[in-house]
Each structure stands twice: as structure tokens, then as C-alpha cells.
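**Q** build the 3D model from these lines:
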Amino acid sequence: MSASLLRRGLELLEAPGRGKAPPGVQRGRDGPSAAGAARRRKRAPELGRNKATIKGRVVKSAIEEYHKKKAVNHLRANLQYMLKGRFVANKAITEQVLAQNRGRKSKDQPPKKVAKKKPEGTVFTEEDFRKFEREYFGRP
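**A** As a prediction, this is how the structure comes out:
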């Protein structure tokens, strides 16, 4: 059995009322291993810090970052702004602005409005048709 296991067993069996001896008296060894143990004990409280961070950097919450970078919907504010103003531009001015912003390509041009042709009236009157009917078919 090693000395460390024996020491741990004795510590477990020790009476609860009895305190521990001072560290210098309890451990009677000197040398490189004692210096290594001292170094380990000294570093022990720092184990709680996050080693993934850079010195001086604060760990940011992922939820806060998500909310910060999430796209904001401005639809409601824009609708209120647009509905608030009652000024309506003149149609001629609107057409002029649209024409200026239109490109020169054929795909940017609006379709040509075809003027509706009025149905042309007949040259002949109803009397002319009756007259023709009498002459051609022989009806009175």
C-alpha cells in the first residue's frame, strides 16, 4: 500500500471533533514533488474561469446576439407614416417621375396602350336595306 492511500484512510477514520494538523507539520516531504503540489494548490481557485475567452473579454449571451442581429420588421411604422400624410401627388408629375426612373431597355418600357376603335357606323341606313331587299328578292 502506498503512503498516500494509507494517509487518506487515516483521515477518513479520524474522529470528527479532531482538527487537521497544520499543512507544514502534516507533510514532512521536501523536494521537487512538494513544489509541484504547491503550484497545483495555488492554481486551484482559478479553475472556474473560462479558458476559451481572451483576457479582458466578456462572454456574450447567444440570445442577446441573436436578438441584436435579428431582422426588424418596419412594416407597421412605415404604414403609419404613409397613411399619416394625406398629400396626393399630381398624376402628371407621378407619370413624369416614373418615366425618368424607367430604363431604356424594352423590358423596362410599359406596354403600349392600344386606343380602342369605335365601331364604325354603317354607311347605309335602314331605308337603304329595305330598298335593296325589295329589288333583290322581289318582295313588296
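
**Q** where does the prediction get shaky in the protein?
**A** For the chain, the stretches with pLDDT under 70 are 1, 15-33, 42-54, 139-140.

**Q** in it, which spans are helices?
**A** 3-13, 23-26, 32-43, 62-69, 75-84, 91-101, 126-137 (DSSP state H).

**Q** please export the C-alpha coordinates of the fourth one as PDB.
**A** The C-alpha coordinates for helix 62-69 follow below in PDB (Å, rounded to 0.1, in the frame of the first residue of the first chain):
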ATOM      1  CA  ALA A  62     -26.100  33.900 -27.500                       C
ATOM      2  CA  ILE A  63     -29.700  35.000 -27.100                       C
ATOM      3  CA  GLU A  64     -28.700  38.700 -26.900                       C
ATOM      4  CA  GLU A  65     -26.600  38.300 -30.000                       C
ATOM      5  CA  TYR A  66     -29.500  36.700 -31.800                       C
ATOM      6  CA  HIS A  67     -31.900  39.500 -30.900                       C
ATOM      7  CA  LYS A  68     -29.300  42.100 -31.900                       C
ATOM      8  CA  LYS A  69     -28.800  40.600 -35.300                       C
END
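
**Q** that older thread, next, format the helices of the chain as TSV and append distance to Gln109 and mean neighbour count.
**A** (Glycine included, C-beta is placed from N, CA and C.) As requested, those are exported to TSV (distance: least, Cβ to Cβ, whole Å; neighbours: other Cβ atoms under 10 Å):
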stretch	distance to Gln109	mean neighbour count
helix 3-13	91	9
helix 23-26	92	8
helix 32-43	76	10
helix 62-69	41	9
helix 75-84	28	9
helix 91-101	10	9
helix 126-137	46	10
